[in-house]
Every structure is written in C-alpha cells, then in structure tokens.
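Q: Here is the input, now give the coordinates:
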Amino acid sequence: MTGTRKQRHALSKNGRVPEVISGSMLSTRALLWCWAFALPGLAFAEAWTVTPELNLRSGYDDNINLTPDVESEGFDLTNENGGIETNASVALEIATFTALSELRAKARLDFISYLQDDKDDRDTNENDNFDNEARNEDNQYIDVFGRYSITPINDIGVRLGLERKFTGTTSRDFGDNFSDLSLDDPGNDNQTGVDTDTGVSRAQVRRERIQAEPYWSIGLTQNTRLRLQYRYDDTAYGSGASDARLIDFTRHRGSVRLEHNVTETSRVFFAIDSGTFEADTGREFDELAVRTGYRYNFSPISVVGFNIGARQVSTDIAGESDDDTGAIVRVFGEHRGELTRYTASLGRTITPSGNGVLVESDIVEFNISRSLSPRIEFRLESEYFGNSGVGDNSEARSDRDYVRVSPMLRWNWTPEWSVNLIYEYQWEDREINEGLGAADSNGAFISIVYRKANEIGQ
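A: Residues are numbered from 1 along each chain as shown. Predicted structure coming up:
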C-alpha cells in the first residue's frame, strides 16, 4: 500500500470529518491534475469548440433499490419500494484540433433527488447489501484526452479521468449518450463502456475513481505500428464502505501491442498485457494475458472485428497462492447508415470489483439509433454482464447477472433543445441472495436536454 493510500485509509477510520477532508484533498488534487493537463493546450489553441449541456430528467421507478420482493418469500428484509427520481445534470465540453494534436476535456455535475413511497424499515439480515432509504446525491465527472503527433507516424497521448459518484441507486447514465465504438481508434478493440461494478452494493457509498492511461504509438513501417500503453486505476470508498463490504483497490496494467495493416481496410494485431491488482485487505492478483485479433472495415461506415486470447491470474491472499486460467474473447461490429446506426459487442474479460477481487465478466451490448423523421429519433440501449469471481479465493458477493434495456424516443424540438421519453428495465440475480429470487425494476422518465456546440476563434 502506498503512502497516500495508507494516509487515506488511516484518516477514514477516524470519523466523518477526517474522511471528508481526505476525500476532498484527493479530489482537489485529481481535479487540478486533470485540468493542468488540459488548460495549456486550450489556452494556446487557435480555435476550439465549447459545448455546454443541460439535462433535466425526472420519472418514476417501481423498485429504486433494485431489491428482491422478499416479503412474499417470508423473509424479514426490505421489500420492493418505488419512488420519484429527479436528476439535474450540467456539463461543459471543450475541444481543440490541429494538424498535429487533439485535446478534449469534459466536466459534468449531477444532482439527484429521490422521493420514495412508504416502506418498512426492516433491514435485519447481516449478509445483504440493501439500503432502506435512497438519499439525495451529487456526482462529479472529469475526463481529459490529449494526443500529439511527434512525426507523421509517431504519436503520444493520454487519457485522464476523475469520477466521484455513489454506489447503489445511481446505475443509470443520465447523460442519455449513445454508446460509441470508434471506427478510427486503433486501440479500441479491447475496450468496453460497461461498468461491471454497477450495483455491486445497494448501500449509497461515495465511490471515488481516478484513472490515467498514457500511450505511445510508434510507426515501424508504413503499415506496421507498435503501441505501448499503461493504465492506472485507483478506487476509494467513503463513509459506510465497511458496512457495505466495499474495499479500496488499485490496479496497474501495461500492454505491448503490434498492429499491421494487411490491406487498406483490414488490420491484425498481437498484444501482451500484464498487470497487478491490489486491494486494501491485502489481496494481490497478478495478471498476464496474450491476445490476437482482426478488424475489417467493409466501408467508411461499417466495421467488424474479433479478439481471442488467454489469460492467467495468480492470487496471493494471506500467504495462500492460487492460479486461474481462462479465455479472453470479444466480437464487435458497427454500422452507421444515413438513417440507422447499430453497435454490438460480446465478449469475456477480467475486471476489478468493489468487493476487492477480480471477476471474470461476460459482457453483451446492443444499441440501435434510428431516425423516424427529421425531428424524431428512436434509440435502444441494452447491456448484459455476468460476473463470477476468479479462482478459489474469490468473493461470492461479486457473482451476479445484470440486464438493462432502455428504449427512448427523442424529439429534436430545435437544433439545441430535445425532449426524450425513456423507459428502462433492470434485472439482477445475485449469488449471495440465493433463495431470495431475482430483482427487477421498471422506470419511466421524461428529460429535457440542451446542447450547443460553439466554435470560437475560427
């Protein structure tokens, strides 16, 4: 455990005030760190795009905490409770592009309130993670990406991210953004936008996550590139983490990747990934993976590809070692037509869990966007993930299946203003709640969104 993490861990034991101070200091440093990277490039750019965004969203969910309806099973636990959920989200995105560089920075603030139905305040089982009352929340997000071309075939870049949100009820992305698979990003073949930590705890606990991902892409020949990439993730939880059995963790991961353009429309790659995962409980995991893949562009608007590989995870818990091997698979595709857009992916990967262990995640995503008229658009977002602990020393609390399906009808009132009607279905089956059955929820929402890109300095 590093000095910073030891200090933060020690402060969090001493009560609410030191913990808030520690979290605030960490957040302030991370915020300055992100913006210190972004602002110099923005200040010296000849032109940039400034995009403010406002999203007001409200609706009713019949099971805000996504808990099983256990009252009918005869258990003395919190049963399903619905309520009104209201979110006000403000964001600011700044971007600048030149022939040699690219810089994008986005900050977002969410303010969420809950007005729940009457409920029984009976949470008596020490093994569950249910919270009887959904409290108001405020969440903050900062994301910065920069890229610079050293030569026509060599470039460096970095992504920095800060996220401060609550676990439990905030499983939705209130940005109403359509998931992206970039047709142009050569490093995107093994990435996924699904947060498999969604709903790992039903208690509302502050989760603070810092990420840094620098890379160096080196052109060996006109058609062959070497990509060196490193990723750092640090996640810490606030007050109530121990009661909810959430554990701070840090992950380091490096990748060496060789890419070759077979033709103008196809590319193959070979990669070796290695890293470590450390939880504050003393658990340590060493990761090693070997992957290969193929990517083919049918046209400038259509792409398909796949990754296959093998991974090994070595676990050290209280002096006991364990090795676990498995497969890494991903198949993905995207089509962007004039009126319709599809993105789909399925695969298996290794992700960290808030319970302080690594989990093997089977992930499926399928999204559709269809223009019904010049002003009306239909969207469908759906995702599934199934988590299972890695190795004999895994934590059963992480084993679960989760499904989210959300159709949306968007009316573009003006180029800047839109009104959205949204339905969202969630379903979850947790291994730790064996005998209680699965949980599901139905939510209906309306949102008003303002977004306008302003070109400055042209």
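
Q: Going by C-alpha atoms from here, please, whenever you check contacts or count neighbours.
A: Will do.

Q: Show me the beta-bridge partners of S299.
A: S302 (DSSP bridges).

Q: Tell me which residue is most central in the chain.
A: D195 (3.8 Å; C-alpha atoms, centre = their mean).

Q: Doesn't it lie inside a helix?
A: No - counting by DSSP: H, G, I helix; E, B strand; the rest coil, one finds D195 to be coil, located in no helix.

Q: How much space separates it from T351?
A: Counting by C-alpha to C-alpha, to the nearest Å, the separation of D195 from T351 is 9 Å.

Q: Can you tell me how far Y148 is from D155?
A: Y148 is 5 Å from D155, by C-alpha to C-alpha.

Q: same question, S398
A: For S398 relative to D155 (C-alpha to C-alpha), the value is 39 Å.

Q: Pick out whichever of those two has more residues nearby.
A: S398 (28 against 18; other C-alpha atoms under 10 Å).

Q: For the stretch 1-150 of the chain, which residues score under the pLDDT cut-off?
A: 1-46, 69-80, 117-134 (pLDDT under 70).

Q: Mind doing that once more with 90?
A: Residue ranges of the stretch 1-150 of the chain with pLDDT under 90: 1-48, 62-85, 97-101, 112-138.

Q: Now do the contacts for Y294.
A: By C-alpha atoms under 8 Å, 6 or more residues apart in numbering, the contact list for Y294 reads 266-269, 305-307.

Q: any chance of these in JSON lines, plus distance to R135?
A: JSON lines is the format used below for the contacts of Y294 (distance: C-alpha to C-alpha, whole Å):
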{"residue": "S266", "distance to R135": "50"}
{"residue": "R267", "distance to R135": "49"}
{"residue": "V268", "distance to R135": "49"}
{"residue": "F269", "distance to R135": "47"}
{"residue": "G305", "distance to R135": "43"}
{"residue": "F306", "distance to R135": "42"}
{"residue": "N307", "distance to R135": "42"}
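
Q: Just the closest of these to N367, please.
A: G305 (16.8 Å; C-alpha to C-alpha).

Q: Contact partners for that closest one?
A: 189, 293-296, 331-333.

Q: what's the answer for L380, then?
A: L380 touches 367-369, 405-408, counting by C-alpha under 8 Å, 6+ apart.

Q: repeat for G386
A: Contacts of G386 by C-alpha under 8 Å, 6+ apart are 361-363, 399-402.

Q: mind listing the strands for the stretch 251-400 of the chain?
A: 266-279, 284-299, 302-317, 320-336, 340-352, 358-371, 376-389, 400-411 (DSSP state E, counting those that start in this stretch).

Q: If you count neighbours, what's buried in the third one?
A: Neighbour-count burial for strand 302-317 flags 302-309, 311-316 (criterion: 16 or more other C-alpha atoms under 10 Å).

Q: Same check on the longest one?
A: Of the residues in strand 320-336, those buried under the neighbour-count criterion (16+ other C-alpha under 10 Å) are 326-336.

Q: quick one: which two of the contacts of G305 are the most distant?
A: Greatest spacing in these, by C-alpha to C-alpha: G293 and G333 (13.4 Å).

Q: Three-state assignment for L66, please.
A: Under three-state DSSP, L66 comes out as coil.

Q: isn't it right next to S441, touching?
A: Yes - contact criterion C-alpha atoms under 8 Å: L66 and S441 qualify, at 6.2 Å.

Q: Of those two, give the one with the bigger neighbour count.
A: Legend: neighbour count by other C-alpha under 10 Å for L66 and S441, higher for L66 (25 against 21).

Q: Which residue ranges of this protein form helices?
A: 3-12, 16-44 (DSSP state H).

Q: Between L66 and S441, which contacts overlap?
A: With C-alpha under 8 Å, 6+ apart, L66 and S441 have common neighbours 426-427.

Q: Can you read off the pLDDT for the closest residue to R257 other than its chain neighbours?
A: Spatially, and ignoring its direct neighbours in sequence, R257 is nearest to A271 (4.1 Å; C-alpha to C-alpha, 6 or more residues apart in numbering). Looking at A271, its pLDDT reads 95.
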